[in-house]
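Asks: model the following, please.
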Amino acid sequence: MRTVTNYFLVNLAFAEAAMSAFNTVINFTYAVHNEWYFGLTYCRFHNFFPIAAIFASIYSMTAIALDRYMAIIRPLQQRLSSTETRLVVLVIWMLALLLAFPQYHFSSTASLPGRTVCYIDWPEYSGVDFRKVYYVCVTVLIYFLPLCIMGCAYTIVGVTLWASEIPGDSSQRYKEQLIAKRKVVKMMIVVVCTFAICWLPYHVYFLLHQFFPDLFEQRYIQQVYLAIMWLAMSSTMYNPIIYYCLNSRFRAGFQQVFCCCASTVGKEELELKSPRYLQTQMSIFRASRLEAAVSTSVPPPAAEIKTV
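Replies: This is a model prediction of the structure:
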């Protein structure tokens, strides 16, 4: 399971699990009660971490898309090693923290009559509305740009994989590899589409809020925001379900961990589908063929030759 794709999937899972743990309930509580109970330090973290986590999530998906593109469209080019993959993950998080830093730096709390609020005190430089510029940049960098990159990559990969028919005289191993590649690409396309659908209303909401603030004086706008925010936060729970439904190796792993009655079956399926097992079987197959070839080419000993 330690492949380049799975390294990025682990990073994706970590980012989404962390956002679920540290932000989802706090954000929902603040939206419902409209009062901040958690102090200045957590106010800064609360505004800072979601941007970083979303950036890490979407660019992990982008890295997977580019890795699939290189593996399928340019198979002869050298793939990323495990060390290089970890370095890419580290760069993704550094850029994510850098992009989210303004939200940390300008976050503050204020005591209003009867309640405390957590907000971002955006500055203005030479009449430039820094808040609008920042939100437009964030939306482009963590939504539209990576989705465009992934859309182009998966379109090319999909056309290449599904347009090429499996030759009738091809080996069984070639057919299995092509089918496996199609399944992985199909799974990642579903993951990306789920992310795009869940986060699109959220980004549209904040862009409209920056440029048309009068629209947000309506009576039920708070309920609309809660629904949009809940949809966006729910994106962190769909990926394990998608992995389970569309990937047999993840399904076997989940069964091994969570189902005591199916632990033996899950372990056997994982072992049967592991690269080490396949390499062992190929080695045994080659050795048996070599032994058969030697036995047919070497004449039997003199003692075993029967005279007529």
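
Asks: how far does stretch 66-86 sit from its chain's centre?
Replies: Its chain's C-alpha centre and that of stretch 66-86 lie 16 Å apart, by CA atoms, centre = their mean, to the nearest Å.

Asks: what comes up buried for that stretch?
Replies: Neighbour-count burial for stretch 66-86, with 16 or more other CB atoms under 10 Å as criterion, is recorded at 66-72, 80, 85. All C-beta atoms are positioned from the backbone trio N, CA, C, and that covers glycine.

Asks: not counting that stretch itself, show me its contacts.
Replies: 2, 4-5, 7-8, 88, 149, 153-154, 156-157, 160-161, 181, 184-185, 188 (CB atoms under 8 Å, 6 or more residues apart in numbering).

Asks: pull out the buried residues from the residues you listed.
Replies: Neighbour counting with 16+ other CB under 10 Å marks 4-5, 7-8, 88, 149, 153-154, 157, 161, 181, 184-185, 188 as buried within the contacts of stretch 66-86.

Asks: looking at the residues you listed, which is nearest Glu217?
Replies: Nearest to Glu217 out of those is Ile149 (CB to CB; 37.2 Å).

Asks: just the element for that closest one, please.
Replies: In this assignment (DSSP states H and E), Ile149 forms part of helix 145-163.

Asks: avg pLDDT for the very next helix or strand once past that helix?
Replies: Following helix 145-163 in sequence order, the next helix or strand is helix 172-211 (DSSP H and E). If you average the pLDDT over helix 172-211, you get 86.

Asks: and helix 172-211, what does it pack onto?
Replies: When contacts are defined as 3 or more CB pairs under 8 Å, 6 or more residues apart in numbering; DSSP states H and E, helix 172-211 sits against helix 39-73, helix 130-139, helix 145-163, helix 221-233, helix 235-246.

Asks: please work out which of the ones you listed is packed deepest.
Replies: helix 39-73 (a mean of 21; mean count of other CB atoms under 10 Å).

Asks: next one: the nearest residue to Phe250 once chain neighbours are set aside relative to Glu176, how far apart?
Replies: Leaving out its chain neighbours, the residue that sits closest to Phe250 by CB to CB, 6 or more residues apart in numbering is Tyr243, at 4.1 Å. Plainly put, Tyr243 is 20 Å away from Glu176 if you go by CB to CB, to the nearest Å.

Asks: turn the buried residues of stretch 66-86 into JSON lines, including distance to Ala252.
Replies: Shown next, in JSON lines, are the buried residues of stretch 66-86 (distance: CB to CB, whole Å):
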{"residue": "Leu66", "distance to Ala252": "27"}
{"residue": "Asp67", "distance to Ala252": "23"}
{"residue": "Arg68", "distance to Ala252": "22"}
{"residue": "Tyr69", "distance to Ala252": "27"}
{"residue": "Met70", "distance to Ala252": "27"}
{"residue": "Ala71", "distance to Ala252": "23"}
{"residue": "Ile72", "distance to Ala252": "24"}
{"residue": "Leu80", "distance to Ala252": "25"}
{"residue": "Thr85", "distance to Ala252": "23"}
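
Asks: max pairwise distance over those residues: which two?
Replies: The most widely separated members of those, counting by CB to CB, are Ile72 and Thr85 (17.6 Å).

Asks: tilt between the host helix or strand of Ser111 and helix 39-73?
Replies: Using DSSP H and E, Ser111 sits within strand 107-112. Between strand 107-112 and helix 39-73, the angle comes out at 140 degrees (axes from the mean of the first three to the mean of the last three CA atoms, to 10 degrees).

Asks: other residues contacting strand 107-112?
Replies: Residues outside strand 107-112 that contact it (CB under 8 Å, 6+ apart): 36, 39-40, 43-44, 46-48, 116-121.

Asks: just checking, next helix/strand downstream of that strand?
Replies: For strand 107-112, the following helix or strand on the C-terminal side (DSSP H and E) is strand 115-120.

Asks: contacts for that following strand, please.
Replies: 30, 34-38, 43, 46-47, 103, 106-110, 131.
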